[in-house]
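**Student:** Mind folding the following:
(4 chains)
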Protein chains: 2
Amino acid sequence: MSHPIQTGSFQWMKSINKSAILNIIRLQGPISRSEIAKVTRLTSPTVTNIVAELLQSGLVVESDRGESTGGRKPILLKINGSAFGVIGVYAGAKKVRALAADLEGRAGEEVVLPVPPRPTKEQFVSIVQKAVHQVKEQIQKKGHPLLGIGVGMHGLVDPEQGISIYAPNLYLRDIPIASLLEEVFKVPVEVENDVRALAIGESWFGQGQGIDDFISVHVGTGVGAGIIAEGRLVHGPSFTAGEVGHTTIDARGPLCNCGNHGCLEAFVAAPAMVRRAREQLQTGVSSSLSDKLQDTADSLTGEAIFQAARAGDTFAAEILAETGRYLGIGLSNLVNLFNPRKIILSGGVIAAGPLVLDPLKQTIRERALSIPAGDVSIVPSTLGRSGRAIGAYTLVLQKLFQPQMS
Amino acid sequence: MSHPIQTGSFQWMKSINKSAILNIIRLQGPISRSEIAKVTRLTSPTVTNIVAELLQSGLVVESDRGESTGGRKPILLKINGSAFGVIGVYAGAKKVRALAADLEGRAGEEVVLPVPPRPTKEQFVSIVQKAVHQVKEQIQKKGHPLLGIGVGMHGLVDPEQGISIYAPNLYLRDIPIASLLEEVFKVPVEVENDVRALAIGESWFGQGQGIDDFISVHVGTGVGAGIIAEGRLVHGPSFTAGEVGHTTIDARGPLCNCGNHGCLEAFVAAPAMVRRAREQLQTGVSSSLSDKLQDTADSLTGEAIFQAARAGDTFAAEILAETGRYLGIGLSNLVNLFNPRKIILSGGVIAAGPLVLDPLKQTIRERALSIPAGDVSIVPSTLGRSGRAIGAYTLVLQKLFQPQMS
DNA sequence: TCCAAAATTACTTAAATTAATTAATTATCT
DNA sequence: AGATAATTAATTAATTTAAGTAATTTTGGA
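**Tutor:** Numbering: from 1, shown residues only, chains lettered A, B, ... in the order given. Purely as a prediction, here's the structure:
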C-alpha cells in the first residue's frame, strides 16, 4: 500500500513556512524581511515572527543594511554559515573520504583513509569512525557545534533505516551505519548511496543548482546515477533506482559481471575501458601503451590511457572516443526516458575531458530524440574528487533545511 | 530557475485536508467520520466540519449505517458516484475514442470515430468535438452535470497549457485543444499525452491502484511509457519523459524512423514485428503466413501473426517470442533505472498474451539486476482497448480530487 | 520637515485542537 | 424484561495556533 495521505496541522504549516523562509535566505540571501515576504507571498508580520525564531535558533543572523530605495534601509538576513559544522563521509570500497563543512558548504581539509581488501564489518566501520573523528577535530577547534553526519556509502543502502544493505565490492551486508555512528558521536546520521548523495551535492553546491530535473552520472569502477525529478531524488521501493551501469546498450555485447550481456558498464567503466584497450593492443596495434601490455604490475590503467592520449597517442585517443560514444548511447537512453535538463558527469573516466566528452555529446545529438536532446546540457561536475563526500554532508544540510515533522 | 518555494496559508491547509478526506472516502469508502479521523490523524470535529462541506457540495453522500462494535452505529460516507459526469477522449492518429463516466469511473458506451490520413487541424478538432458531443448526450440523458473533459492526445503535449505541441503521426503542430474545447463545452479541459494519461488511469482504476512506483508501457504503432515515481507522473521539463520506444537496446541494430539505430521500437512495435516476419519469410521459412507475403493488401499484420501463432504456427510463435525477448531487454533497462514495483503492459502486441509475456519475463529475470527484478511484477493491463480514454477522464477526476489552489 | 520603505505591534480571523455534550447501541445486572 | 452501565459516534462549545489586516514606529533620503 502507498504511504499515508498527507494532512495538515498548524505546526505542520508553520514548519513548512519556516523551512521556506530558511531556504529563501540560503538561496537568495542576504535578503531583507520585506523581500522575503514578497517572494514567499507571506505577510510581513508572519515573516517577522518566523525570522525571530530563526535568529533565536542561531541558524540565521542579521548582516549589513541594504541600499535604501527612498525609505528605511532594509536589514539583510543571511545564514549563520560559519557557526555550525557538519560532516560528510564517502565510504567506498577502496577509500574512505571525510570532510567537515559549515552550513554554507565551505569544507575544510579532506581526510582520506585506505580500505583494505575484504575488510570485516568492524574493520570497515572503525575506518569510517576514525575518519569522522579526524575531521571532527577541525570543527571542535573552532568551537562550533556539530549538527550531524552524512554518509555516502557504496552499494545498496536503505536511507530510511540508515543501513547498508549490500556493499558488493566490500563483500559486506547489513551494516547499521547510522545507529553505529549515532552511538559514538551523539548526533543524527544520514545514510545514502554514494552516487545518490553526490546528486544531492550537485543540486546544492554543484552544477545542479536551481535545476529541478537532472541526472548525476558517476563513471568510475562502476557506473551509477542519481536521478532528480521535479526536485526530488528518485529511490524506488527497494532503493536501487539509477543503475545506469547495468542498462543494456548492445543486446549482443560483452558479458558484464552482473551476468547480463552488453551493459553500459561493460563498455565504459574504467576496468572495461582497460579491457578493451588490452584486447586491441594484443592484436598488435602500434601504440605507446604497447609496452605496458607485458607488465605484471597492471600498469595499463585508465589513467595511463588518458596520459597517453594527452601525449598524442592516437590509439589511446580512439579508446577514449569509443568510450565516449558508448557512454553517449547510455546517456541518450536517459535523455529519452527522463527528459532531464542537465546530465552532470563525474568520475575518473570523465576527467579525460573533451577526448571523451566531445564524442559523447556528438552521440547524444545523433541518437537521442531531438526535443529532449535539444533541451539537455551535458556538463562535467565541478565538485572534483570530493564530490561524494560533499554530497554526504549535504544530506545533513538537506535534512536540516527541510520542514521538520511530517 | 525552479518553481517557487511552497508556503502555506489557512485555506491552503484546509484544501489539503479536504482533498485528503475526499480521497480517503473514495479509496476506503464507505467509511465513517470517526474512521476517517483515525486514518487521517485529524480530530473528529475537523472531520465533521470538512465532511459537512463535502456533503454540501454534493460530491459525498451519507449511505447506510455500519456495524456497531458496542456503541452508536457509524454513518458511512461515500462518493456520490453517479451524480456527476466526466468525459475522456483518446485522440489518436487513426481513431478518436470517447467515453462518458461517473465519479467512480463507471463508463458508458464508447464512441469511436475514424481519423482520415493527414487531416487539417480543423478537421481533427471537429472529430474530437463530435465524439465529445455524442458521449455528452449519455450524461445529459441522466440529467447529471458535466464536470470536465480530459483528452489523451497522441504525441507531444504541454499539459500545463493544454496544447498539442507536435503530433507526428498526424503531421500537426500546436493545437490549443484545451481552449478550443472549453469554448464549445464550457467546462474545464485537461490535456495530457495519451500514454501518460493511461498511466494515470492505471493508477486509479487499473493495475496501478495503491502502487506508488510503476510504469505503464503501451506497445502499439510506437512504444511509449508513463512513469509514476512516488505517486507522481514524471513529465520532464519539455514533457517528453517516457520515450522507451527510442531507447537503444542494440547499438548495431536496425535503423529506426527516428534516425537512430537499434531503438526498442525498431524491434517490438507492431510494424517492426511485421517487418521482421517479412524478412524471415522471404528467406523461405515454411509457415502458414508465407502466402500473405505476396498479398498487396498488407494482410501480413500483427494480428495475422498472432492468429497464426495461436493456430500452432511455430514460425509465428517464434516471431512473438523474439518480440517478447527484445521487449524484455528494454524493460530490464526500465527496471534497473527506476526500480518500479510494477510494469503494466498494454497495446496490441501485448494482447498476444503468454506467447509474448513469458519470454519477456524470462528475459527480465536473466538481464535485470536481481534485487529490482525480484521486486517488480510484470502484468498486462486490465483496462482493455479503452484504456487511454479511461486515462483521459481520469485526468479530470484527478484534478477534481486534488487540493484546489496552490 | 516630510516622504517612503522597512519593520513591528496590536488586532482580527481561519481553522485546527481540546474538552464537554448528546446520540445511539450493545452488554450486563437485577 | 426492563433498567442501567459501558462504549462508540457525532456534534457543540471553548481554546489555541498562526496567519492575515491595519495601524504604528523606525529610519534613511530628499
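**Student:** and A:Val223, bridged to which residues?
**Tutor:** A:Val219 (DSSP bridges).
**Student:** okay, it: pLDDT?
**Tutor:** The model reports A:Val223 with a pLDDT of 95.
**Student:** where are the low-confidence patches of chain A?
**Tutor:** Confidence mapping of chain A against pLDDT under 70 gives the ranges A:1-2, A:297, A:406.
**Student:** Break down the stretch 101-250 of chain A into its strands, ranges please.
**Tutor:** Secondary structure of the stretch 101-250 of chain A, counting by DSSP state E, counting those that start in this stretch: strands at A:111-114, A:146-153, A:156-158, A:163-167, A:172-175, A:189-193, A:214-219, A:223-229, A:232-233.
**Student:** Please identify which of these is closest to A:Val349.
**Tutor:** Among these, strand A:214-219 comes nearest to A:Val349, with 4.2 Å by C-beta to C-beta. Bear in mind the C-beta positions are built from the backbone N, C-alpha and C, glycine included.
**Student:** Just the CA atoms of that closest one, as PDB, please.
**Tutor:** The C-alpha coordinates for strand A:214-219 follow below in PDB (Å, rounded to 0.1, in the frame of the first residue of the first chain):
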ATOM      1  CA  PHE A 214      18.800  16.500 -13.800                       C
ATOM      2  CA  ILE A 215      20.800  13.300 -13.600                       C
ATOM      3  CA  SER A 216      24.200  13.000 -12.000                       C
ATOM      4  CA  VAL A 217      26.200  10.100 -13.600                       C
ATOM      5  CA  HIS A 218      29.400   8.900 -12.000                       C
ATOM      6  CA  VAL A 219      31.700   6.800 -14.100                       C
END
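**Student:** Would you mind pulling up the elements that it packs against?
**Tutor:** The contact analysis (3 or more C-beta pairs under 8 Å, 6 or more residues apart in numbering or on different chains; DSSP states H and E) places strand A:214-219 against helix A:194-205, strand A:223-229, helix A:314-338, strand A:342-346.
**Student:** which other residues reach the last one?
**Tutor:** In this case it means strand A:342-346. Strand A:342-346 is contacted by residues A:198-199, A:202, A:206-208, A:211, A:213-219, A:331, A:334-335, A:357, A:376-381, A:383, A:387 when judged by C-beta atoms under 8 Å, 6 or more residues apart in numbering or on different chains.
**Student:** sorry, back to before: winner for burial among the strands of the stretch 101-250 of chain A?
**Tutor:** Of all the strands of the stretch 101-250 of chain A, strand A:214-219 has the most neighbours on average by mean count of other C-beta atoms under 10 Å in any protein chain shown, namely a mean of 29.
**Student:** and the angle from that strand to helix A:194-205?
**Tutor:** Angle between the axes of strand A:214-219 and helix A:194-205 is 130 degrees (criterion: axes from the mean of the first three to the mean of the last three C-alpha atoms, to 10 degrees).
**Student:** Measure how strand A:214-219 sits relative to strand A:223-229, angle-wise.
**Tutor:** Relative orientation of strand A:214-219 versus strand A:223-229 (the same axes, to 10 degrees): 170 degrees.
**Student:** mind checking how far strand A:214-219 is from the chain centre?
**Tutor:** Relative to the centre of its chain, strand A:214-219 is centred 8 Å away, using C-alpha atoms, centre = their mean, to the nearest Å.
**Student:** Any idea which of the helices and strands packed on strand A:214-219 gets closest to DNA strand C?
**Tutor:** Closest approach to DNA strand C among the helices and strands packed on strand A:214-219 (C-beta to the nearest atom of the strand): helix A:194-205, 26.1 Å.
**Student:** just checking, what packs against the closest one?
**Tutor:** Applying 3+ C-beta pairs under 8 Å, 6+ apart, one finds that helix A:194-205 contacts strand A:85-91, strand A:146-153, strand A:214-219, strand A:223-229, strand A:232-233, strand A:342-346, helix A:387-401.
**Student:** Mind checking the ones you listed for the one nearest to B:Lys136?
**Tutor:** Comparing those against B:Lys136 with C-beta to C-beta, the closest turns out to be strand A:223-229 (36.4 Å).
**Student:** Show me what that closest one is packed up against.
**Tutor:** Judged by 3+ C-beta pairs under 8 Å, 6+ apart, the packing partners of strand A:223-229 are helix A:194-205, strand A:214-219, helix A:314-338.
**Student:** Mind putting those into JSON lines with distance to DNA strand D?
**Tutor:** Shown next, in JSON lines, are the helices and strands packed on strand A:223-229 (distance: least, C-beta to the nearest atom of the strand, whole Å):
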{"stretch": "helix A:194-205", "distance to DNA strand D": "25"}
{"stretch": "strand A:214-219", "distance to DNA strand D": "31"}
{"stretch": "helix A:314-338", "distance to DNA strand D": "35"}
